[in-house]
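Peer 1: One predicted model, sequence on top.
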Amino acid sequence: MKHTDIVEILKSKDLFLGQNITLCGWARTVRSSKGICFIELNDGSSFRGIQLVVDEATCPDYALAQKQGVGAALKATGTVVSSYNNKEVPEINVATLEVLGEAPSDYPLQKKRHTLEFLRTIAHLRARTNTFNAMFRIRSTLSAAIHHFFAGRGFVYVHTPILTGSDCEGAGEMFRVTTLDPATPKRPEISEADFYKDDFFGCKAGLTVSGQLEGETLAMALGKIYTFGPTFRAENSNTARHAAEFWQIEPEIAFAELEDLIELAEAMIKSLISEVLEKCPEEMAFFDKHYENGLVEKLKNIVQQNFVILEYTEAVRILKESKVQFEYPVEWGCDLQTEHERYITEKVYNKPVFVINYPAELKSFYMKQNPDGKTVAATDLLLPGVGEIIGGSQREDNLEKLERRMKELNMKQEDYWWYLDLRRFGTAPHSGFGLGLERLLLYITGIGNIRDVAIFPRTKGNLQF
Ligand code: 4AD
Ligand code: MG
């Protein structure tokens with residue numbers, strides 16, 4: 001269908017003034033007054049729409065226009081003029097109007113504002129609201145910004161498999177992938193190897209929880225790589241920040257230590273936020289107005305500030321000395337709970353904090369063991385209001401130390417023979433992290449729930465659509 005995107009007219013109004021054009025889109029509002037029907041048309045090409053003016057005196061389709069409900073798909077031809085109310089804003093004097101698809105009165109998006117909870121029940125339609133129009137536009141811009149950032153620094157973009165045999169995080173949260181009949185489960189006397197022999201891959205398989213291990217193999221050849229794809233976790237956490245399917249960005253860098261990693265992560269967060277602020281000003285103004293007052297200012301500040309680097313041991317000391325009655329008491333060796341993370345980022349520093357050098361017991365097998373024998377060269381980046389958005393570490397590059405740790409954790413080394421080979425042949429210091437795309441979106445948009453930053457969110461107990 002030959003037509004012009006609304007964004008083109010909004011961007012260069014003067015070029016289009018007086019021209020005859022065709023637009024296609026959906027009616028957001030329809031109202032009539034004194035023989036003129038006004039239709040706000042949005043075609044998804046921009047956050048804003050454009051006003052169609054259908055005059056009874058000049059347009060034969062006036063009666064048709066008036067009958068249309070919110071949500072109808074329309075094709076209009078007409079002339080671009082300056083709005084009567086605001087000379088800066090273009091609108092369309094409609095000559096002919098065609099209805100491509102009606103939206104009867106049971107169309108669920110009649111009201112101007114619906115609750116996010118209600119919109120989740122009609123996730124197939126919610127992209128037609130301002131909130132989700134802006135959200136998906138920002139998600140797209142953010143994704144492009146991620147590629148810009150890494151490409152600009154010479155990183156190679158790699159696609160790690162989604163179907164995998166290795167549980168990277170070792171937390172037992174892998175979704176099983178199988179073609180075996182669920183009606184004949186494994187009997188205790190049959191070994192795992194024998195049981196999965198008949199499965200599709202001839203071995204136990206699952207959906208990846210992280211592309212890191214595979215990513216490391218390429219970092220050991222290409223130097224600087226990043227992955228950007230979906231990851232899956234069968235985590236039993238029913239929170240506003242946990243999804244069973246989420247997108248992760250995982251850079252992995254050869255010849256990099258923990259401090260290099262932290263520098264990269266900070267530069268990345270600042271660059272991503274700057275690009276979204278620059279490219280999505282209308283969407284960001286919308287979220288600032290409707291979801292988090294001061295959002296844009298907050299993000300501009302983040303770009304200016306130095307992030308804090310805080311030893312885990314120091315974080316524990318601060319929490320213990322705070323005299324706050326936390327639900328989960330703090331001791332060295334305990335995992336930092338959301339309440340602790342919030343206290344540190346919101347009350348103590350009010351800015352992003354890299355917590356570093358966690359107790360080894362809290363972290364995954366692959367992390368670089370520090371000389372103190374107790375901690376690993378890990379970091380989590382915590383953001384005010386959201387908590388952890390990045391988890392990463394320097395990797396253990398010493399074969400013996402890595403093997404010893406795997407033994408302590410009762411891991412089957414034969415499953416990781418290829419990963420251990422990376423330490424056998426040309427091992428080198430290297431580091432990487434994982435950024436959760438949805439968590440960053442929560443922070444950037446001020447939206448409070450991970451269910452509202454994905455098209456069809458997958459969370460515990462919920463796979464509608
Ligand atoms: O801290 P995590 O578990 O780290 C890893 O997976 C490492 N292998 C990454 C690496 O070093 N390459 O997860 C990384 C990030 C978290 O900080 C969080 O932002 C996000 O992934 N994440 C989730 N996001 C939404 N829902 C979940 N269930 C998430 N679990 C982790
Ligand atoms: Mg983590």
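Peer 2: Alright, I've got the coordinates. Ligands and ions are numbered 1, 2, ... in the order given.

Peer 1: Show me which helix or strand of this structure is least confident by mean pLDDT.
Peer 2: helix 192-197 (a mean of 90; mean pLDDT, DSSP states H and E).

Peer 1: is the next helix or strand after that helix up against ligand 1 anywhere?
Peer 2: Next helix or strand after helix 192-197 toward the C-terminus (DSSP states H and E): strand 206-207. No. Taking Cβ under 6 Å from any ligand atom as the criterion, strand 206-207 and ligand 1 are apart, separated by no less than 12.6 Å. Bear in mind the C-beta positions are built from the backbone N, C-alpha and C, glycine included.

Peer 1: Which residues outside strand 206-207 are in contact with it?
Peer 2: 162-165, 167, 174-177, 231-232 (Cβ atoms under 8 Å, 6 or more residues apart in numbering).

Peer 1: Ok, stretch 278-285 next?
Peer 2: Contacts of stretch 278-285 (Cβ under 8 Å, 6+ apart): 46-48, 134-135, 137-138, 141, 145, 276-277, 295-296, 299.

Peer 1: got it, and stretch 453-465?
Peer 2: 120-121, 123-124, 127, 135-136, 139, 235-238, 242-246, 438, 441-442, 445, 447, 450-451.

Peer 1: just to revisit the earlier point, compare the contacts of strand 206-207 and tell me which has the most neighbours.
Peer 2: Thr231 (25 neighbours; other Cβ atoms under 10 Å).

Peer 1: That residue and Glu214 touch, don't they?
Peer 2: No. Thr231 lies out of contact with Glu214 (Cβ atoms under 8 Å); the separation is 11.8 Å.

Peer 1: what comes up buried for stretch 83-90?
Peer 2: Pro90 (16 or more other Cβ atoms under 10 Å).

Peer 1: now it: how far from the chain's centre is it?
Peer 2: Distance of stretch 83-90 from the chain centroid (Cα atoms, centre = their mean, to the nearest Å) equals 37 Å.

Peer 1: Residue numbers of the stretch 251-400 of the chain in contact with ligand 1?
Peer 2: Counting by Cβ under 6 Å from any ligand atom, the stretch 251-400 of the chain sits next to ligand 1 at 388-392.

Peer 1: Those in helices, which ones?
Peer 2: Taking DSSP state H as the definition of helices, these contribute nothing to them.

Peer 1: and which of those is nearest ligand 1?
Peer 2: For those, the residue nearest ligand 1 by Cβ to the nearest ligand atom is Gly391; the value is 2.3 Å.

Peer 1: Among the contacts of strand 206-207, find the lowest-pLDDT one for me.
Peer 2: Checking pLDDT across these, the minimum falls on Asp167 at 82.

Peer 1: about what we covered before: run through the contacts of stretch 453-465 and flag the ones next to ligand 1.
Peer 2: 235, 242-243, 246, 438.
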